[in-house]
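Student: The sequence and its predicted three-dimensional model are supplied below.
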Amino acid sequence: MPRQEEEEKKGSEQPEDDSKNYKMMSFTGLFKYQPWSDKTLVVLGVLLAIVGGAAAPLIALIFGQLIDIFDPNKSVAEVNEAYKMLAMWMGIIAGVMWFAGYFQYAFLQHMAERLSFDLRSRYLRALLKQETAYFEKIQVEALPSEIADHFSAISEGIGEKVGQVIYTGAMALGGIIIAFYVSWMYTLICFAYMPIIFFGFAIFGKSMKTNQSLKLAAVKELGGRTEETLSALKLMVSFNREELACKEFDEIAQNTKNKAILSAKSMAGMMGFFMCAMFGFFCYAYYIGSVLIQKNMVEPGTGKKVDIDLIVSASQATILGMLTTSQLIPILPGVTKALMSAKKIFDVIERTPEIRSKETGTVNLLSLKKGIRFDNVSFRYPTQPEKTQDIFEGINFTIKSGTSTAIVGPSGSGKSTIV
């Protein structure tokens, strides 16, 4: 391609701020093309994740009963009987959690692999149907690494990580419900600490999403440059451009490294904040509990006396409900990445080409018996800025059948474009 055409195209293909261009696909929208068997697997996996997560906070009730067992006024027989009962319930809860956890993972991961395979086929078919102008607007050399990254993210994020998010959310909600059941008064006092948690989610969550988007864009650019360099390696060596290629690659790699560090720092900051907030909650909850026990408080409405087993059960359930939210920190970036990757995949699948063949998908054979005629033809690349001049304007010539024609002209006049 002539040098002028290359420069015009490169100048018009400057990427925009990818943190603004990346949008997320809705979870339900992922399955619009999937059969009912896959949707059934999703429903079963989600239900089992909810059951497994909701069963975990029941352990808090057992902790409260364990405190009650150590009452010195109870006989050995009563203690043994209480131990047997608690052991039985502990075994039932463990069995439910194992069953739900195993099949939830199996169903969702199986569905994720089928979804990834189906979307990959649809994506490639849709990509091959796009008009030539579409490929002028994207980085074609980055497509191989981009496709691998997108579908790997979908397979991991939509299967295992979505199940973990639902499981964790059900565990948090179940812990809060059990805490209110044990003692609504003490739980409400504990919940006065919650605004700190929500404030951290709002601040660090937004930062984490933005940095994750920037990291994705940088990784995409690095992968594209790597593919482009390796595919033209012999040509670069022949023109003695190794040092320039290495310098450009180092700059892109450094930018990718910086974006990855920012993404890791935002996630680490979120994790550190929540761990600090959680340990602060321990101090707050047990201090309030000791004050209530010391003052012999009775819960209004229920008449329950605030004692050690009530404090232990309610605080453990509340802590379990709140502490599990910190487990979402390393999981959410994977889910976010998967939904953003899915959005880009669906944008291509659902894109209508600007130039389409007939409904039959066939094209009539061209007859070149009379030759090829250009009649007042003008051309510009789709990515060219509007104010720039066309590559060529008002071209008129005829190439007769059975003859050879040479197209000559200065560099950048559009010779390669005509061919």
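Tutor: Arrived safely, thanks for sending.
Student: distance between the helix or strand where residue 219 lies and the chain's centre?
Tutor: Assigned by DSSP states H and E, residue 219 belongs to helix 194-231. Distance, stretch centre to chain centre, for helix 194-231: 10 Å (CA atoms, centre = their mean, to the nearest Å).
Student: where does residue 417 land in three-state SS?
Tutor: Under DSSP: H, G, I helix; E, B strand; the rest coil, the three-state class of residue 417 is helix.
Student: wait, it sits on residue 380?
Tutor: No. Between residue 417 and residue 380 there is no contact under CB atoms under 8 Å: 9.6 Å. For glycine as for every other residue, the C-beta is placed from the backbone atoms N, C-alpha and C.
Student: Which positions within the helix holding residue 219 qualify as buried?
Tutor: 196-197, 200-201, 204-205, 207-227, 229 (16 or more other CB atoms under 10 Å).
Student: what does stretch 287-299 give?
Tutor: 288-289, 292, 297, 299.
Student: With pLDDT, distance to residue 107 and secondary structure as new columns, can those residues be given to me in JSON lines?
Tutor: Shown next, in JSON lines, are the buried residues of stretch 287-299 (pLDDT from 0 to 100; distance: CB to CB, whole Å; DSSP: H, G, I helix; E, B strand; the rest coil):
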{"residue": "288", "pLDDT": "87", "distance to residue 107": "42", "secondary structure": "helix"}
{"residue": "289", "pLDDT": "86", "distance to residue 107": "41", "secondary structure": "helix"}
{"residue": "292", "pLDDT": "87", "distance to residue 107": "44", "secondary structure": "helix"}
{"residue": "297", "pLDDT": "84", "distance to residue 107": "46", "secondary structure": "coil"}
{"residue": "299", "pLDDT": "83", "distance to residue 107": "42", "secondary structure": "coil"}
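Student: hang on, the earlier thing: overlap in contacts, residue 417 and residue 380.
Tutor: residue 391 (CB atoms under 8 Å, 6 or more residues apart in numbering).
Student: Where does the prediction get shaky in the stretch 251-400 of the chain?
Tutor: 323, 326, 355-367, 381-387 (pLDDT under 70).
Student: now the stretch 1-150 of the chain
Tutor: 1-22.
Student: Where do the helices of the stretch 151-300 of the chain begin and end?
Tutor: For the stretch 151-300 of the chain, the helices defined by DSSP state H, counting those that start in this stretch occupy 162-182, 184-191, 194-231, 233-238, 242-294.
Student: Of those, which is nearest residue 55?
Tutor: Closest to residue 55 of the helices of the stretch 151-300 of the chain, according to CB to CB: helix 162-182, at 7.6 Å.
Student: Give me the helices and strands touching the closest one, please.
Tutor: helix 36-55, helix 59-69, helix 76-129, helix 184-191, helix 308-323, helix 328-349 (3 or more CB pairs under 8 Å, 6 or more residues apart in numbering; DSSP states H and E).
Student: sorry, back to before: the helix holding residue 219 to helix 308-323, inter-axis angle?
Tutor: Helix 194-231 runs at 30 degrees relative to helix 308-323, counting by axes from the mean of the first three to the mean of the last three CA atoms, to 10 degrees.
Student: sorry, back to before: let's have the buried residues of stretch 287-299 in a markdown table, adding distance to residue 51.
Tutor: Below are the buried residues of stretch 287-299 laid out as a markdown table (distance: CB to CB, whole Å):
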| residue | distance to residue 51 |
| --- | --- |
| 288 | 32 |
| 289 | 30 |
| 292 | 33 |
| 297 | 35 |
| 299 | 30 |
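Student: ok, those residues vs residue 110, which is closest?
Tutor: Using CB to CB, those come closest to residue 110 at residue 289, 45.1 Å.
Student: There's contact between that closest one and residue 313 in this structure, I believe.
Tutor: No. When contacts are counted by CB under 8 Å, residue 289 is not listed as touching residue 313 (10.9 Å).
Student: number of nearby residues for the closest residue to residue 376 other than its chain neighbours?
Tutor: Leaving aside its sequence neighbours, residue 376 sits nearest to residue 394 (CB to CB, 6 or more residues apart in numbering; 5.3 Å). A total of 10 residues lie near residue 394 under the criterion other CB atoms under 10 Å.
Student: Equivalent analysis for the one 5 residues further on, please.
Tutor: When neighbours are defined as other CB under 10 Å, residue 399 has 14 of them.
Student: beta partners for it?
Tutor: residue 372 (DSSP bridges).
Student: count of residues packed around residue 104?
Tutor: Counted with other CB under 10 Å, residue 104 comes out at 25.
Student: Which residue is the nearest non-sequential neighbour of it?
Tutor: Closest to residue 104 by CB to CB, 6+ apart is residue 48, at 3.8 Å.
Student: you'd agree the one you found is up against residue 106?
Tutor: No. Between residue 48 and residue 106 there is no contact, the gap being 9.2 Å when judged by CB under 8 Å.
Student: So for those two, which residue has more residues nearby?
Tutor: residue 48 (24 against 16).
Student: gap between the spatially closest residue to residue 400 that is not a sequence neighbour and residue 415?
Tutor: Counting by CB to CB, 6+ apart, residue 371 is the residue found nearest to residue 400 once chain neighbours are left out, at 4.4 Å. Per CB to CB, to the nearest Å, residue 371 is found 19 Å from residue 415.
Student: Which one, of the helices and strands packed on helix 162-182, ends up nearest to residue 137?
Tutor: helix 328-349 (12.0 Å).
Student: and the angle for that closest one with helix 76-129?
Tutor: Using the same axes, to 10 degrees: helix 328-349 against helix 76-129 is 30 degrees.
Student: got the buried residues for helix 328-349?
Tutor: 328-329, 331-346, 348-349.
Student: any idea of the angle that helix forms with helix 162-182?
Tutor: Using the same axes, to 10 degrees: helix 328-349 against helix 162-182 is 140 degrees.
Student: For helix 328-349, name the packing helices and strands.
Tutor: So helix 328-349, by 3+ CB pairs under 8 Å, 6+ apart, packs with helix 76-129, helix 143-156, helix 162-182, helix 194-231, helix 242-294.
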